[in-house]
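Trainee: Here's my sequence, what's the structure:
(chains A and B)
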Amino acid sequence: QQQVKQSPQSLIVQKGGISIINCAYENTAFDYFPWYQQFPGKGPALLIAIRPDVSEKKEGRFTISFNKSAKQFSLHIMDSQPGDSATYFCAASNYNNDMRFGAGTRLTVKP
Amino acid sequence: NAGVMQNPRHLVRRRGQEARLRCSPMKGHSHVYWYRQLPEEGLKFMVYLQKENIIDESGMPKERFSAEFPKEGPSILRIQQVVRGDSAAYFCASSLLATSGGYTTRDTQYFGPGTRLTVL
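Mentor: Purely as a prediction, here's the structure:
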């Protein structure tokens, strides 16, 4: 049972463009939604996270948009750079910190 | 403050051997989580431990896999009689018990660099 569905599986964006990755969840008990960035051969690193009491959170070029009624959230990377090329995972967890991950999106930013 | 440490980074075992993966959480963190990642796939939750206690092992295979987090020392993920299908990257994460707004929750999970297990 996949509790967090992520799309697209892969994404190619030109330098300077906007990268958008979408996730949907099923369990309404989830109350914490982080995004992780993973480079090849490395562990996932926390990028940005949001709780459901806000609809948007922005940190630099990274923005999370959250739609509680639709049970969807998305990551927007503005002014995408080649250094942003990585695999991005959305996740959702409940108060017990039982975290479930999406399948990942491989982002390639072309120079 | 050192991050989550995992060792070994790479481990090669033959079928039937045992694999032991170690994880030292970030200083002050008392919660440890183990995940498995197959090539081109996401992270699959395996087990959640606190010191000397297994809290949630719903993602652990019923046989051959075990985990512990002793009072002293690192957390250990142990795989007995490894098979080729066990080949994967195993990540551990740690978190801090946090209190915010009157609620006690577990904080963000921070990941280690992973152990890449190859079973020949």
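Trainee: which stretches of the chain have low pLDDT?
Mentor: I'll assume chain A. Scanning chain A for pLDDT under 70 picks out the ranges A:1-2, A:95-97.
Trainee: you looked at the wrong chain, it should be chain B
Mentor: Applying pLDDT under 70 to chain B flags the ranges B:1, B:97-107.
Trainee: Around chain A, which positions in it sit nearby?
Mentor: Within reach of chain A by Cβ under 8 Å from any Cβ of the partner chain, chain B has these residues: B:4, B:6, B:31, B:33, B:35, B:41-45, B:48, B:55-56, B:91, B:95, B:103, B:105-106, B:108-114. C-beta here means a position set from N, CA and C on the backbone, and glycine is covered the same way.
Trainee: Please list only the buried members of these.
Mentor: Among the residues of chain B next to chain A, those buried by neighbour count (16 or more other Cβ atoms under 10 Å in any protein chain shown) are B:4, B:6, B:31, B:33, B:35, B:42-43, B:45, B:48, B:55, B:91, B:95, B:105-106, B:108-114.
Trainee: Sitting in strands, which of the residues of chain B next to chain A do you find?
Mentor: Per DSSP state E, strands hold the following members of the residues of chain B next to chain A: B:6, B:31, B:33, B:35, B:43-45, B:48, B:55-56, B:91, B:95, B:103, B:105-106, B:110-111.
Trainee: any bit of stretch A:69-77 sitting next to chain B?
Mentor: No. Judged by Cβ under 8 Å from any Cβ, stretch A:69-77 makes no contact with chain B; its nearest approach is 14.8 Å.
Trainee: Kindly report the same for stretch A:38-47.
Mentor: Yes. Interface with chain B: stretch A:38-47 contributes A:42-46 (Cβ under 8 Å from any Cβ).
Trainee: which among those residues gets closest to chain B?
Mentor: Nearest to chain B among the residues of stretch A:38-47 next to chain B is residue A:43, at 3.9 Å by Cβ to the nearest Cβ.
Trainee: And for that closest one, the neighbour number?
Mentor: For residue A:43, the count of nearby residues is 22 (other Cβ atoms under 10 Å in any protein chain shown).
Trainee: The closest residue to residue B:11 other than its chain neighbours and chain A: what is the separation?
Mentor: The shortest distance from residue B:11 to any non-neighbouring residue, by Cβ to Cβ, 6 or more residues apart in numbering or on different chains, is to residue B:117 (5.0 Å). According to Cβ to the nearest Cβ, to the nearest Å, residue B:117 stands 14 Å off from chain A.
Trainee: Which residue or residues pair with residue B:117 through a beta bridge?
Mentor: Residue B:117 has the following beta-bridge partners by DSSP bridges: residue B:11, residue B:88.
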